[in-house]
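> pasting the sequence and the predicted model now:
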Amino acid sequence: MERKVVIPGETICEGEDYLPGENTEKKEGKIVSLRYGLSEDQNGLIKVIPLSGVYSPRRGNVVIGKVENMNQNGWIVEINSAESAFLSVNEVPRYVNKDAMEEVFKIGDIVIAKIWSIGKRGIDLSLNGNDLGKINDGIIFKVNPNKVPRIIGKEGSMIKIIKENTKCDVSVGQNGFVLIEGENIESEVFAKKAINFVTENSFVSGLTEELTKWFGENKQ
């Protein structure tokens, strides 16, 4: 089934061969969209990738955030969600002197972290994992969080094309912040332009091919 843009209440398909996935429901044998977005068929499981809206935190998500405050137990991090997240000193894989916490992170620092828990107390972050921690270099910018799956692509296909053509390292937080680290500012800006091309054309089918074509026309 071809990907297509759907609106809430629109019938995507019908028949017993299909099951409702994320952002869809089944009504009288029909799979109906609950969000404005891009419909996708994954072996009979129909889901909709939203194209607008805010970030909904999920356990296991990797996010990029800004330290906005601290207390004796850890740091409060803004992650572009309805509430801030908390990074405990216990979730930092190094010794933390509670009298010198600014040596680890100070207000205004940018971090890549993983959401390990969401509960009544709020969102808890962890730095236990690969490539997590403080960001010192590169450029960071914000995209619509719902465009993140398109930027990454199926099995990382889209991000792979961007990395190969710009020679930059690209980290995409599920919360809509993108970090680009390259050899120079020109290559970082080039990678940013490529990501903007993807977000602006997120509704287009065959976007991987379109991006490859874009790189062919916009060589550095």
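Perfect, thanks for sending it. Numbers count the residues shown, from 1 in each chain.

> separation between the residue nearest to residue 128 when sequence neighbours are not counted and residue 212?
In space, and not counting its chain neighbours, residue 128 is closest to residue 93: 5.7 Å by Cβ to Cβ, 6 or more residues apart in numbering. The C-beta positions use only the backbone N, C-alpha and C, and glycine is treated the same way. Between residue 93 and residue 212 the computed distance is 39 Å (Cβ to Cβ, to the nearest Å).

> swap in residue 16?
From residue 16 to residue 212 the distance is 38 Å (Cβ to Cβ).

> and residue 123, by the same measure?
37 Å.

> quick revisit: looking at residue 16 and residue 212, which is more packed in?
residue 212 (11 against 7; other Cβ atoms under 10 Å).

> which SS state does the residue nearest the centre of the chain fall under?
What sits nearest the mean C-alpha location of the chain, by Cα atoms, centre = their mean, is residue 174, with 2.4 Å. Here residue 174 is coil, with the state taken from DSSP: H, G, I helix; E, B strand; the rest coil.

> contacting residues around it?
With contacts defined as Cβ atoms under 8 Å, 6 or more residues apart in numbering, the neighbours of residue 174 are 55, 58, 61-63, 145, 148.

> ditto for residue 168
162, 180-183, 187-188, 190-191.

> go again using 6 Å as the cut-off
180, 182, 187, 191 (Cβ atoms under 6 Å, 6 or more residues apart in numbering).

> from those residues, which land in strands?
Cross-referencing those against strands under DSSP state E gives residue 180.

> ok, and the most crowded of the contacts of residue 168?
Going by other Cβ under 10 Å, residue 180 tops the contacts of residue 168 with 26 neighbours.

> could you give the bridge partners of that one?
Per DSSP bridges, the residues bridged to residue 180 are residue 139, residue 170.

> surely it touches residue 189?
No - if you go by Cβ atoms under 6 Å, residue 180 and residue 189 don't touch, sitting 8.5 Å apart.

> quick one on the thing from earlier: so how far is residue 112 from the residue nearest to the centre of the chain?
Distance from residue 174 to residue 112, by Cβ to Cβ: 11 Å.

> name the element residue 112 belongs to?
strand 110-119 (DSSP states H and E).

> got the domain ranges for the protein?
4-50, 62-135, 139-217 (automatic domain parsing).

> and the helices in the protein?
148-152, 157-166, 185-200, 207-217 (DSSP state H).

> name the surrounding residues that touch the first one.
Read that as helix 148-152. 49, 159, 172, 174, 195, 198, 202.

> now the third one
By Cβ under 6 Å, 6+ apart, the residues outside helix 185-200 that reach it are 139, 143, 147, 150-151, 162, 166-168, 180, 182, 214, 220.

> got the residues you listed as TSV, with pLDDT and distance to residue 78 columns?
Shown next, in TSV, are those (pLDDT from 0 to 100; distance: Cβ to Cβ, whole Å):
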residue	pLDDT	distance to residue 78
139	94	18
143	92	16
147	89	20
150	91	24
151	94	21
162	96	26
166	96	28
167	95	31
168	96	25
180	96	20
182	95	25
214	95	32
220	67	33
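
> top of these by number of neighbours, please.
residue 180 leads the contacts of helix 185-200 on contacts (other Cβ under 10 Å) with 26 neighbours.

> quick one: low-confidence parts of this protein?
Within the chain, the ranges that satisfy pLDDT under 70 run 52-54, 220.

> in strands, which of the contacts of residue 174 fall?
Going by DSSP E, the strands hold 62-63 from those.
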